[in-house]
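Engineer: give me coordinates for this.
(one chain, ligands or ions: 1)
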Amino acid sequence: MRLFVFKLGVLLLLVAAFTLGLIPAQERQPAATVIVNAQVSDGSDGPLKKVTVRIAGDRVTKIGVFKPVKGEQVVDGQGLVLAPGFIDIHNHSAEGLDKDPLAETQISQGITTVILGPDGFSPWPMGAWMNTRRKESAALNVATLFGHSTVRSQVMGSDFRREATAEEIQKMAALAEDAMNEGALGVSTGLEYEVASYSSTAEVVAVAEVAAKHGGFYETHVRDEGNKSFSALEEEIAIGQRVHLPIEHSHIKLQTVAVWGKAPEYINVIEAARKRGLDFLADCYPYDAWNASIKMLVPDKQYTNPQSVEKALTDTGGPDTVAITEFAPHPEYAGHNIAELANARKISPTEMFIQIIREGDAANSTASIIAKSMMERDFQAFYQQPWVMVASDGGIGAQHPRGAGTFPRVLGVYVREKHWITLPEAIHKMTGLPAQRLGWKERGTLHEGAFADLVLFNPDTVIDHATYAKPFEFSSGIEKVFVNGTLVWDDGKATGAKPGRVLLSEAAMKGDDPKLKSAPGGTSQ
Ligand SMILES: [Zn+2]
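Structural biologist: Prediction:
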């Protein structure tokens, strides 16, 4: 009896403390949040509907016509659009998250989940990286692919400038098996980049087969996005057909003069493959310039051969279309194009290019450049395909405006100003379509029971502000962002909350490894 009285006393004290506000708000059981008056997208490309949405805990618990009850927090969405949080299927934030777990350049765009490990390069070893990410949570959810170049480097070390032997391919497949068991969503390749450019199609097929066996998909930066775009596309389609796995074609583009304007033909090849049953999706970032190492301009890798360099500069649209963004030996080159730098030194653009290569090699450094990637009518044609989604190819710290501006730019420029696609179509390309590629049913679409990853934005004002000169500027018009039911972005700033989780493939969650299942924050879809 005395114990009961004591317990009752403690309870009454707690109630009093709670009522008087003595217990900090974040330690209270969070009240449900109800968002009223917003135009709501369910992540499909269907029309928006004016319905009320309730969030409790980490889930959406009710959608429909109802009134908030007393004690619930009410958010007025008048004039705003409520959509599932944006899923960025091609994001380079793996390293940035260590220093910047709030990921403000990402959540300020409405991104709630990033898929890391693109272009053939992933964190490694994967299980250790995931454990770190679980311990040091971020504002948004993370998941990763395993990188083909990453496993290739593990097996071949510095001796990678050749085709792999059968034994080496077997070792790569074994590492791929480990990565898939540890929760990778599939494999990424970067066949245009140095390490993977020496791999045979058979090698890529071998690692893709491992991903397929575990229900994963194949994300690829194809072998060529310039003059040999069409043969690179044929290789990709052949891999998909041979391995029978879903494809995610990274940052679809036609980036040299020889293929500019050929989007209709490129689309026809893809449509034909889709008709034959290939599950082919692609993503596209909304900028007409790309950003990478200066060496990427020269496909035959003859970086100091004047003929090769001159052809490379012509193919890309001329030396005035190639601007240096970063060069450690000469930081003053940044912001200038090759034609300007050559003029100032009274040498030819080709000589200037070779000089930059030599200065870089001597300092063990490579210049980063931005070069014209595409004609607007090509990238309009791509965005208008129902199988093309929006992804940034950016991430925390990206020296390209796509890193901070991609999603608001599509909504502001390509929906509102240019009318290339409708608002529901754009939202679908940022939510339901990537979720379809990932095989996720509880994120990317808005329904009762789904995870409460949500973005509330103003369709009349949403716009990017990041530029090539100032790539980290936040966008405006993204009003509120929720991750797993917790507000992470509110009225132009991060709240400081870090409710993000490490997301695994379904296969990994169904596996027998108890470590994975009980991992804190680890969750399947
Ligand atoms: Zn890429």
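
Engineer: only C-alpha atoms for contact and neighbour calcs from this point on.
Structural biologist: OK.

Engineer: any idea how far D178 is from A211?
Structural biologist: Using C-alpha to C-alpha, to the nearest Å, we find A211 at a distance of 10 Å from D178.

Engineer: compare neighbour counts for these two and give me the winner.
Structural biologist: The residue with the greater number of neighbours, taking A211 and D178 and applying other C-alpha atoms under 10 Å, is A211; the counts read 28 against 17.

Engineer: nearest spatial neighbour of the more buried one, chain-adjacent residues omitted?
Structural biologist: Nearest non-adjacent residue to A211, counting by C-alpha to C-alpha, 6 or more residues apart in numbering: G186, 5.1 Å away.

Engineer: so E235: helix, strand or coil?
Structural biologist: Here E235 is recorded as helix under DSSP: H, G, I helix; E, B strand; the rest coil.

Engineer: please report the distance of E479 from V462.
Structural biologist: 9 Å.

Engineer: what's near enough to touch the closest residue to the ion within the stretch 1-150 of the chain?
Structural biologist: In the stretch 1-150 of the chain, the residue that lies nearest the ion is D119 (4.7 Å; C-alpha to the ion). Remark: with contacts taken as C-alpha atoms under 8 Å, 6 or more residues apart in numbering, D119 is in contact with G147, S188, T189, G190, L191, E219, T220, H221, S250.

Engineer: just give me the closest of these to the ion.
Structural biologist: Nearest to the ion, judged by C-alpha to the ion, of the contacts of D119 is H221 at 4.8 Å.

Engineer: shouldn't that closest one be in contact with A196?
Structural biologist: No. H221 is not in contact with A196 according to C-alpha atoms under 8 Å; the separation is 10.4 Å.

Engineer: picking up where we left off before, is it true that the residue of the stretch 1-150 of the chain closest to the ion lies in a strand?
Structural biologist: No. Residue assignment for D119, taken from three-state DSSP, gives coil, which places it outside any strand.

Engineer: next one: phi and psi at the nearest residue to it once chain neighbours are set aside?
Structural biologist: Once flanking residues are discounted, D119 sits nearest to G190: 4.1 Å by C-alpha to C-alpha, 6+ apart. Reported as degrees, to the nearest 10, the phi and psi values for G190 are phi -130, psi 70.

Engineer: and G190, how many residues sit next to it?
Structural biologist: Counted with other C-alpha under 10 Å, the burial measure for G190 works out to 23 neighbours.

Engineer: was I right about it contacting E225?
Structural biologist: No. Contact between G190 and E225 fails when scored by C-alpha under 8 Å: they sit 11.3 Å apart.

Engineer: tell me the secondary structure at Q170.
Structural biologist: Q170 falls in the helix class when you classify it by three-state DSSP.

Engineer: state the distance from it to the ion.
Structural biologist: If you measure Q170 against the ion using C-alpha to the ion, to the nearest Å, the figure is 26 Å.

Engineer: how many neighbours does the closest residue to that residue other than its chain neighbours have?
Structural biologist: Excluding its sequence neighbours, the residue lying closest to Q170 (C-alpha to C-alpha, 6+ apart) is A206, at 8.0 Å. Neighbour count for A206, taken as other C-alpha under 10 Å: 17.

Engineer: and A206, what does it touch?
Structural biologist: The contact partners of A206, by C-alpha under 8 Å, 6+ apart, come to I169, Q170, A173.

Engineer: redo those as TSV? Include neighbour count.
Structural biologist: Supplementary listing: those in TSV, determined by neighbours: other C-alpha atoms under 10 Å:
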residue	neighbour count
I169	23
Q170	16
A173	24
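
Engineer: G64: which of those residues is nearest?
Structural biologist: Closest to G64 out of these is A173 (48.4 Å), distances taken as C-alpha to C-alpha.

Engineer: which residues touch the closest one?
Structural biologist: Contact partners of A173, counting by C-alpha under 8 Å, 6+ apart, are A206, V207, V210.

Engineer: give the contact list for the last one.
Structural biologist: The one in question is V210. V210 makes contact with A173, A176, E177, M180, according to C-alpha under 8 Å, 6+ apart.

Engineer: would you say it is within a strand?
Structural biologist: No. When three-state DSSP is applied, V210 is found to be helix, with no strand at that position.

Engineer: my guess is P286 contacts R402. True?
Structural biologist: Yes. When contacts are counted by C-alpha under 8 Å, P286 is listed as touching R402 (7.5 Å).

Engineer: more crowded one of the two?
Structural biologist: R402 (28 against 24).

Engineer: overlap in contacts, P286 and R402.
Structural biologist: S392.

Engineer: outside of whichever strand or helix holds L281, which residues touch it?
Structural biologist: Counting by DSSP states H and E, the secondary-structure element that holds L281 is strand 280-284. Outside strand 280-284, the residues that touch it by C-alpha under 8 Å, 6+ apart are 246-253, 270, 273-274, 379, 382-383, 387-392, 437.

Engineer: what's the answer for stretch 301-315, then?
Structural biologist: The set of residues that contact stretch 301-315 without belonging to it, under C-alpha under 8 Å, 6+ apart, is 227, 256-258, 295, 297-300, 319, 350-351, 353-354, 357-358.
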